[in-house]
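Participant: Take a look and give me a structure for this.
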Amino acid sequence: MRRSFWTDRPRHVTRQEYNRYSAMMMGTIASGGLGAMLLVSSVLGMTTWQGNELAELPEMSISEALNYAGERTPPLKISGYLLASDPIPMPDEPDLKVIKGEIQVSAKFRDTEETRLEVLYEWQDQVDGVILSQDTGLQSSTQIIPVDVDVAQLPLKTDRTARAKLQYEGFSRTARPIAIEYQDQSFPLADLPTTRTVTPNVLRQYYPSGEKVTLIASIESGQTNKLVAPPGQELKILQGSETDIRKTGATARLMFGLTSFVLLGGSYWLGKKTARLRQSFVVRSNQP
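Facilitator: Next up is the predicted model:
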């Protein structure tokens, strides 16, 4: 096809046709590469490694952990509900009690020259410590064990449904925005040029109290036993029970496998079509 794939094209072939050929070639490579990666991930079971790791560890109940006496144990798995003794209510949803939470309401200002982000409201808080319980509530639970973990390291769930809306100074289509409204609160905006575009943004994240988890930890005995990081490792908190984790991994493995066949099949079909188009270019370029 001559010297450069990107800049040179055969004779009697328009730039539009050659751009289409280039896009088809890149689509063939991209879909084939992604399909191959997903197939390898599925075959090697890269989505089931957590379940496989849990299957190899000894299991202990909270009751057994509380009654354990001896040296710090090797890594083991233990399931329960991760709770805070005094959970924090989310400011915009008092009934939602969390171990850690964060809310940020901001406005993004855009015009032809710059983009600027202004934070209008920000809140974040976390509890001092957490415990593992056999039940979802402290009042109903008779078996709880402290967990020695840095709460700041807990992964937060992002609420992608959180939305804010603009308030305008009038009802006309050209009315200027004057505030951002989130829930029942209004956050005024500074005076803005009428040509500036405003987009409201809400970042809402939290780690709920009472989440079902499986821990990979060690037991440290003392006046009160507690769960700590295994020697030379980190204490791991996995979402859900062991059954949930294994099921999620198996489902992801199946989806990766099916998606890889779809992508590889699409890459083969697109590659054949691209090859036919290339051959037609060669024929046309050889014409006088």
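Participant: Low-confidence ranges, the stretch 51-200 of the chain, go.
Facilitator: Low-confidence segments of the stretch 51-200 of the chain (pLDDT under 70): 112, 139-141, 173, 191-196.
Participant: show me where it has strands.
Facilitator: In the stretch 51-200 of the chain, the segments counted as strands under DSSP state E, counting those that start in this stretch are 76-83, 88-90, 93-110, 115-126, 130-133, 144-147, 157-158, 165-168, 177-182, 185-188, 197-208.
Participant: Just the helices from this structure, written as ranges.
Facilitator: With DSSP state H as the criterion, the chain has helices at 15-44, 49-55, 62-66, 242-285.
Participant: worst average pLDDT in those?
Facilitator: Lowest mean pLDDT of the helices of the chain: helix 49-55, a mean of 80.
Participant: Which positions within that one qualify as buried?
Facilitator: Q50, G51, L54 (16 or more other CB atoms under 10 Å). C-beta coordinates here come from the backbone N, C-alpha and C atoms, glycine included.
Participant: related to what we said a few turns ago, okay, the helices of the chain, which one's buried deepest?
Facilitator: Mean neighbours per residue, mean count of other CB atoms under 10 Å, is largest over the helices of the chain for helix 62-66, with a mean of 17.
Participant: Okay, and the beta partners of Q104?
Facilitator: E122, L203 (DSSP bridges).
Participant: Export the strands of the stretch 51-200 of the chain to TSV and append columns for distance to L258 and mean neighbour count.
Facilitator: Listed next are these as TSV, based on distance: least, CB to CB, whole Å; neighbours: other CB atoms under 10 Å:
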stretch	distance to L258	mean neighbour count
strand 76-83	30	22
strand 88-90	38	17
strand 93-110	36	18
strand 115-126	40	13
strand 130-133	37	23
strand 144-147	38	20
strand 157-158	27	13
strand 165-168	39	14
strand 177-182	40	19
strand 185-188	45	14
strand 197-208	32	18
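Participant: Pull out the CA atoms of stretch 252-263 and give them to me as PDB.
Facilitator: Output of stretch 252-263 as PDB, limited to C-alpha atoms (Å, rounded to 0.1, in the frame of the first residue of the first chain):
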ATOM      1  CA  ALA A 252     -17.400 -12.400  35.500                       C
ATOM      2  CA  ARG A 253     -15.300 -15.300  34.100                       C
ATOM      3  CA  LEU A 254     -18.300 -16.400  32.100                       C
ATOM      4  CA  MET A 255     -19.000 -12.900  30.800                       C
ATOM      5  CA  PHE A 256     -15.400 -12.400  29.900                       C
ATOM      6  CA  GLY A 257     -15.400 -15.600  27.900                       C
ATOM      7  CA  LEU A 258     -18.600 -14.900  26.000                       C
ATOM      8  CA  THR A 259     -17.500 -11.300  25.300                       C
ATOM      9  CA  SER A 260     -14.100 -12.400  24.000                       C
ATOM     10  CA  PHE A 261     -15.800 -14.700  21.500                       C
ATOM     11  CA  VAL A 262     -18.000 -11.900  20.300                       C
ATOM     12  CA  LEU A 263     -15.100  -9.500  19.900                       C
END
